[in-house]
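Student: coordinates only, sequence not included:
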């Protein structure tokens, strides 16, 4: 059974701090790892990672994947109150009837205080 | 990226009744997925809906409780049948993997069962 574990489960920081969110996974037939940000209802897409060691960057957010050690990190620098959200990590399965299926971690609740 | 809409956006229902949630995509997609997010929890896949074939349900979810239709490549419905308070959740449809292999989510339907 595919499994995704995120840590920490919650994090409280002040504006300007840098945070690192962790995601480890076990999947039978890895296709990709995805990061989402969830504020109200729908998760919004941040990054998709398929190759080890290649950093993806978007503004103050960046992410990298290690397929040997089976984990990924999401970094947020110079945090702002608007970064407060639940950050979800998910892995996509490439195999047969499981193709495209996403298995989600528990999420990390990030709270950024002014 | 695909634009996904869901109806209704929220509803309050009485136990024992059924609710049908609609998911509309602005482009043709092969694979659609239905997820549930119970309060304080992460997302769990209910089923995969492919056009022209029966939906594939995940462990713990059955067709009698969550019947799904997929009449064409841009539309799907999920019915939550014989509802109980435990069905109170956010229900999300998702499409993908797209050609960019990213999966996007609809805005979600927030359901409260009294």
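Tutor: In hand now; what should we look at? Keep in mind that this is a model prediction, so the values were computed, not measured.
Student: CA atoms for contacts and neighbours, from now on please.
Tutor: Noted.
Student: the closest residue to residue A:104 other than its chain neighbours: what's it in contact with?
Tutor: With sequence-adjacent residues excluded and distances taken as Cα to Cα, 6 or more residues apart in numbering or on different chains, residue A:104 is closest to residue A:90, at 4.2 Å. Contacts for residue A:90 (Cα atoms under 8 Å, 6 or more residues apart in numbering or on different chains) come out as A:4, A:33, A:34, A:35, A:102, A:103, A:104, A:105.
Student: quick one: which of these is nearest residue A:68?
Tutor: Using Cα to Cα, residue A:33 is the member of those that lies nearest residue A:68, at 13.5 Å.
Student: the closest one contacts residue A:51, doesn't it?
Tutor: No. Taking contacts as Cα atoms under 8 Å, residue A:33 lies outside contact range of residue A:51: 9.4 Å.
Student: between these two, point out the one with more neighbours.
Tutor: More neighbours surround residue A:33 than the other of residue A:33 and residue A:51, with 26 against 14 (other Cα atoms under 10 Å in any protein chain shown).
Student: which neighbours do residue A:33 and residue A:51 have in common?
Tutor: With contacts taken as Cα under 8 Å, 6+ apart, residue A:33 and residue A:51 have residue A:65 as neighbours in common.
Student: quick check: which ranges of the chain have low pLDDT?
Tutor: With no chain named, the answer covers chain A. Scanning chain A with the threshold set as pLDDT under 70 gives A:95-99.
Student: was after chain B, sorry
Tutor: Filtered on pLDDT under 70, chain B yields the residue ranges B:97-101.
Student: what does it have sitting close to chain A?
Tutor: B:33, B:41-45, B:48, B:90, B:92, B:96-97, B:102-108, B:110 (Cα under 8 Å from any Cα of the partner chain).
Student: which of those are buried, as a ChimeraX select command?
Tutor: Here is the ChimeraX selection string for the buried members of the residues of chain B next to chain A, based on 16 or more other Cα atoms under 10 Å in any protein chain shown:
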select /B:33,42,43,44,45,48,90,92,96,97,102,103,104,105,106,107,108,110
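Student: what ranges do the strands span in the chain?
Tutor: Because you didn't say which chain, this covers chain A. Along chain A, the segments classed as strands by DSSP state E run A:3-7, A:10-14, A:19-26, A:30-38, A:43-49, A:56-58, A:61-66, A:71-76, A:85-93, A:102-104, A:108-113.
Student: that's the other chain; I wanted chain B
Tutor: Per DSSP E, chain B carries strands over the ranges B:4-7, B:10-13, B:19-25, B:31-37, B:43-50, B:56-57, B:68-72, B:75-80, B:89-95, B:104-105, B:109-113.
Student: before we move on, back to that, what bridges to the residue nearest to residue A:104?
Tutor: For residue A:90, the beta-bridge partners under DSSP bridges are residue A:34, residue A:104.
Student: quick check: it vs residue B:95, distance?
Tutor: Distance, residue A:90 to residue B:95, by Cα to Cα, to the nearest Å: 15 Å.
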